[in-house]
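Asker: what would the 3D arrangement of this be:
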Amino acid sequence: MADTLGSVSVIISSILIHLFGLTIADPICSLGISLLIFGSVIPLLKNTSKVLLQRSPNSLIKKYGECVSQIKAIPGVIDVLEPHFWSFTSGNVVGSLHVKVERDSTNSTEQQIRKDVHKILKRYVQNMTVQINS
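Answerer: Reported below is the predicted structural model:
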């Protein structure tokens, strides 16, 4: 859209300069094209900044409290520690977290807890590391 409007403004400024001698039309159109390009770049800059700053995606931030409650409801889980989720690319969310479990849990119980945590977060996180702490 910005490219089309830019081309139209160049044509209009050329006509105004040719017919009426309005040389001011060229810088005005250039300014307009610059504003259109700047406006179309802002969403790209926002998205790129979120990825580079490893910011948690909004979809996960809104549901994080609910997910933690579900994880804490898993039998044997005491607490959720050190969560870190971020956008690896615009469509790929990765993360890690530590799950504190009861001391007497067995290796098979820990594996089941890890699977349950993955099930809870798989809607939001594509690649996740869950560390079990006892």
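
Asker: helices along the chain, start to end?
Answerer: 2-20, 25-52, 58-72, 107-121 (DSSP state H).

Asker: could you dump those to a markdown table with mean pLDDT?
Answerer: Below are the helices of the chain laid out as a markdown table (pLDDT from 0 to 100):
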| stretch | mean pLDDT |
| --- | --- |
| helix 2-20 | 89 |
| helix 25-52 | 89 |
| helix 58-72 | 88 |
| helix 107-121 | 91 |
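
Asker: next one: phi and psi at the residue nearest the centre of the chain?
Answerer: The chain has Pro57 as the residue nearest its centroid, 4.3 Å off, counting by Cα atoms, centre = their mean. Dihedral angles of Pro57 (phi, psi; degrees, to the nearest 10) stand at phi -70, psi 150.

Asker: only alpha carbons, please: show whichever strand in the chain runs longest as PDB.
Answerer: Identified as the longest strand of the chain according to DSSP state E is strand 77-89. Extracted in PDB, the C-alpha atoms of strand 77-89 (Å, rounded to 0.1, in the frame of the first residue of the first chain):
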ATOM      1  CA  VAL A  77       4.800 -30.600  42.700                       C
ATOM      2  CA  ILE A  78       5.600 -28.100  45.500                       C
ATOM      3  CA  ASP A  79       6.500 -25.000  43.500                       C
ATOM      4  CA  VAL A  80       7.400 -23.500  40.100                       C
ATOM      5  CA  LEU A  81      10.800 -21.700  40.100                       C
ATOM      6  CA  GLU A  82      12.800 -19.600  37.600                       C
ATOM      7  CA  PRO A  83      10.400 -19.400  34.600                       C
ATOM      8  CA  HIS A  84      11.900 -17.900  31.500                       C
ATOM      9  CA  PHE A  85       9.900 -17.800  28.200                       C
ATOM     10  CA  TRP A  86      10.800 -15.800  25.200                       C
ATOM     11  CA  SER A  87      10.100 -15.600  21.400                       C
ATOM     12  CA  PHE A  88      13.000 -17.300  19.500                       C
ATOM     13  CA  THR A  89      11.400 -16.100  16.300                       C
END
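
Asker: cool, thanks, talk later.
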